[in-house]
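*Asks:* Take this sequence and fold it.
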Amino acid sequence: MLAISRPDRHHDSERDVLEMIARIGALTWKNVQAYRDKEVEAEVDKLTRIFNKGALLRRLGLALHEARKTGGKTSIFMFDLDNFKVYNDTNGHLAGDRLLTQLAQLVKETVRADDVFGRFGGEEFLLVMPNRNSAQALTVAGTIRKRIEEYPFEGGQTQPLGRVTISGGVACFPDDAVEQVDLMQAADNALYRAKEGGRNEVRRAEESGLNPIDTQ
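*Replies:* Now for the predicted structure:
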């Protein structure tokens, strides 16, 4: 008699289980990846694709916490575009959006990998520099100011200073403030003095306001 071969039901069942596990694994991975993507997206400014205000504040808090533990320093550089309203009125809001995006990428290429850079709101930006003292932060801020001043942004020649420029303030933990809110206020006050001093300047928090630290 001829033997009739029959499908191995045991192997078929085993294969079905493995296929089901593979499908579940793939679905789980997709869900995890989608969750991670949402987390990342929640921290990114939609226009410039750099960190948004919430992400900046969280990371600044972490940097200050680490500095307190190690006895180190953390500096911040708060700056904004000079006469941005004039730029928008002259060149249009779409050009203004392009300017913000280009500026963000230019600064991102200038800073270290462990620095935290983002858009604080409108035309205002914040750079968090862990393990940098005030003098080091001023050097970085001056480099950024000069790069922006020299970059051929669209419509820059229509600005009051004849080019796109920024004004900013630098503050250092713990030299200028020990609390996050006070540190940011110190940098903001320095920024305000830079504006009063004629713009296109960087000032430090403890400065009297008589002389700019970094000018043209």
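
*Asks:* Would you map the helices across the protein?
*Replies:* Using DSSP state H, the helices of the chain run over 9-42, 53-70, 84-91, 93-110, 134-150, 180-196.

*Asks:* Quick one: closest of those helices to residue 166.
*Replies:* Nearest to residue 166 among the helices of the chain is helix 134-150 (5.4 Å), distances taken as C-beta to C-beta. All C-beta spots, glycine's among them, are computed from the backbone N, C-alpha and C.

*Asks:* Can you give me the domain boundaries for the protein?
*Replies:* 9-42, 53-204 (automatic domain parsing).

*Asks:* Which stretch among those is buried most, on average?
*Replies:* domain 53-204 (a mean of 19; mean count of other C-beta atoms under 10 Å).

*Asks:* Now do the same for it: mean pLDDT, whole number.
*Replies:* Confidence for domain 53-204, expressed as mean pLDDT, is 98.

*Asks:* Residue 22: what's it in contact with?
*Replies:* Contacts for residue 22 were tallied using C-beta atoms under 8 Å, 6 or more residues apart in numbering; there are none.

*Asks:* Would you check how far apart it and residue 15 are?
*Replies:* As defined by C-beta to C-beta, to the nearest Å, residue 22 lies at a distance of 10 Å from residue 15.

*Asks:* cool, residue 112 as well?
*Replies:* 52 Å.

*Asks:* what's the answer for residue 42, then?
*Replies:* 41 Å.

*Asks:* Got the confidence number for the closest residue in space to residue 55 that isn't next to it in sequence?
*Replies:* Leaving aside its sequence neighbours, residue 55 sits nearest to residue 43 (C-beta to C-beta, 6 or more residues apart in numbering; 3.7 Å). As predicted, residue 43 sits at a pLDDT of 97.

*Asks:* show me the contacts for residue 43.
*Replies:* 51, 52, 54, 55.

*Asks:* Those: which two are farthest apart?
*Replies:* 51 and 54 (8.5 Å).

*Asks:* from memory residue 180 sits against residue 60, does it?
*Replies:* Yes. Between residue 180 and residue 60 there is a contact under C-beta atoms under 8 Å: 6.1 Å.

*Asks:* Residue 156 against residue 164, yeah?
*Replies:* Yes. Under the criterion of C-beta under 8 Å, residue 156 makes contact with residue 164 at 4.4 Å.

*Asks:* Can you report phi and psi for residue 132?
*Replies:* Dihedral angles of residue 132 (phi, psi; degrees, to the nearest 10) stand at phi -130, psi 130.

*Asks:* mind listing what it touches?
*Replies:* 73, 74, 75, 140, 172.

*Asks:* can you redo the residues you listed as JSON lines with distance to residue 129?
*Replies:* Below are the contacts of residue 132 laid out as JSON lines (distance: C-beta to C-beta, whole Å):
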{"residue": "73", "distance to residue 129": "9"}
{"residue": "74", "distance to residue 129": "7"}
{"residue": "75", "distance to residue 129": "5"}
{"residue": "140", "distance to residue 129": "6"}
{"residue": "172", "distance to residue 129": "9"}
